[in-house]
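Novice: Sequence below, structure please.
(chains A and B)
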Amino acid sequence: MALRGNLRDFTITQLLNLINLACKTGTLVVEGPSETAKISFKEGRLAYAEIGNEDGSLAAVLHRAKKLTSGQYKSIRQGAAHISDKELGLLLINAGYLTQEDILTNLQQHFTDIVQRLFTWVEGFFHFENDILPPDDRITVRLDLENLIIEGSRQLREWEQLQDEIPSLDMALKFTDRPGTNLRNINLSVEEWRVVSYINPRNTMRQIANATKMNDLEIRRIVYGLLQAGLVEVTRQAGVVPPTPSVRVFQTDNKEEQKSLVNRLINRIRSL
Amino acid sequence: MQTVKMVVTGPFSAGKTEFIRSVSEIDVVSTERKISSSQEKAVKEATTVAMDFGRITVDDDLVLYLFGTPGQRRFDFMWEILSEGMLGFIVMVDSTRPETFREARSILETFRAYAPTPYVVAANKQDLQDAWEIDDMRHALRLDPKVKLLRCTATNRDSVKSILLELLYSILNEMENGEK
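Specialist: Numbers count the residues shown, from 1 in each chain, chains lettered A, B, ... in the order given. Reported below is the predicted structural model:
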């Protein structure tokens, strides 16, 4: 039977476990909320991964890992765009820029990062294609899935806890009114500062995540820390009209009649 | 005939069904099922899976309905449905089980997002020896000083009455403040 379904019913961690145990070869295609990821496996091991429109070429991966300077990356893009990743890898090794280990380690890290991003996806569809293999010109790796599965389970637990703490990203944040608190005296990471700079009752957490290019897990992690430190609190987005319940609370719009009704309720409860 | 409703929510085993049972004039229409999970079974034998439903008739043309939500997260699809058109809501918290405080806080936030209606927090099982102090619970639940956190014993009718009255006072107060 085809391996396909919904992430709500079958998590990424469960899928990896299944692929690992069944020693499957092929590509897992996951259609997430805003992009699609393709993760390829060979005999139950991670071989290759790509996501959305992200440039997954060897040059781009090495550039992001700061193994290639912007100048080198630019000249490769311009002068050697036609050569495959495998050819580029050989060129870099032969020229003494990088070792084979450097290249494989960085690719492994890149593929692992993509898989870890999937752990935060709770909505989406997946299907496993036995006959789709990584593009021929790309370098593949052979990475055991056990560590990824353990890391995925850990992230899933963290994700569930953070979702309990911050159920909706559609709420906004505001600084708490605590006299004497000076943000300058608090050690915040670069990522935390980026979030802090957007904190305003007009911005929802989702908007902040989009502006700072963070995924749901990352923004929740940072907001949770700020909440625990008592620096911020969750608030309804300013300027947004609260949702009106689709069913009316009162049948009448007359304020006096509404108050009378509540007073009748009070008298009745008192008399119980 | 006008009907109004209040929602009683809170984590698993907080005392929601007992709360409604204490004041309802009808036998509470309950959707309890035997618990299958051994961890949850250690807390109680049966749990609400869809809703509890109680009624208080005010007079010939006004009835108050009390809806209790299922406490377990896997039934939370019912919450939004139950919250539609509510006059206000009560968050029940078991004062003896601090491990459920975080869940209570999360449920409170979820219901606040559904509808901006008044609410109170009922610290249930305050009659038990290992119940947390109200002030400690306020800190643990990260409640604003303006939020009413009230002592409660869900099996005691007078205690439940006082919670309902406090919620109604909050509703009245908000109506009056809204007019200013």
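
Novice: Give the closest residue to residue 165 in space, chain neighbours not counted.
Specialist: By default, I'm working from chain A. Closest residue in space to A:Glu165, ignoring its immediate chain neighbours: A:Tyr224 at 5.5 Å, by C-beta to C-beta, 6 or more residues apart in numbering or on different chains. Just so you know, the C-beta spots here come from the backbone N, C-alpha and C atoms, and that holds for glycine as well.

Novice: try again with chain B
Specialist: A:Ile269 (5.5 Å).

Novice: about what we covered before: now do the contacts for the residue nearest to A:Glu165.
Specialist: A:162, A:165-166 (C-beta atoms under 8 Å, 6 or more residues apart in numbering or on different chains).

Novice: which element is it on?
Specialist: helix A:216-228 (DSSP states H and E).

Novice: So the residue nearest to A:Glu165 versus A:Gln163, what's the distance?
Specialist: Distance of A:Tyr224 to A:Gln163, given as C-beta to C-beta, to the nearest Å: 10 Å.

Novice: Which pLDDT value goes with the residue nearest to B:Leu165?
Specialist: Looking at A:Ile269, its pLDDT is 92.

Novice: Next: B:Leu141.
Specialist: 86.

Novice: With adjacent residues omitted, what lies nearest to A:Asp272?
Specialist: Check again: residue A:272 is Leu, not Asp. B:Lys161 (5.5 Å).

Novice: So the one you found: helix, strand or coil?
Specialist: Applying DSSP: H, G, I helix; E, B strand; the rest coil to B:Lys161 yields a three-state assignment of helix.

Novice: Pull up the gap between A:Phe111 and A:Gly56, please.
Specialist: As judged by C-beta to C-beta, A:Phe111 and A:Gly56 stand 9 Å apart.

Novice: Pull the contacting residues for the closest residue to A:Met205 other than its chain neighbours.
Specialist: In space, and not counting its chain neighbours, A:Met205 is closest to A:Leu169: 4.2 Å by C-beta to C-beta, 6+ apart. Residues in contact with A:Leu169 (C-beta under 8 Å, 6+ apart) are A:204-206, A:209, A:216, A:219-220.

Novice: where's B:Leu64, which helix or strand?
Specialist: strand B:62-68.

Novice: Ok, A:Phe250 next?
Specialist: Assigned by DSSP H and E, A:Phe250 falls within no helix or strand.

Novice: In CSV, list the C-alpha atoms belonging to stretch A:38-51.
Specialist: Extracted C-alpha coordinates of stretch A:38-51, given in CSV (Å, rounded to 0.1, in the frame of the first residue of the first chain):
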residue,chain,number,x,y,z
LYS,A,38,11.7,16.4,-0.5
ILE,A,39,13.7,14.0,1.7
SER,A,40,15.5,11.2,0.0
PHE,A,41,16.6,7.9,1.6
LYS,A,42,18.8,5.0,0.6
GLU,A,43,18.3,1.8,2.4
GLY,A,44,16.8,3.5,5.4
ARG,A,45,19.5,6.2,5.6
LEU,A,46,19.1,9.9,4.9
ALA,A,47,20.7,10.7,1.5
TYR,A,48,19.5,14.1,0.4
ALA,A,49,17.0,16.9,1.3
GLU,A,50,15.7,20.0,-0.3
ILE,A,51,13.0,22.4,0.7
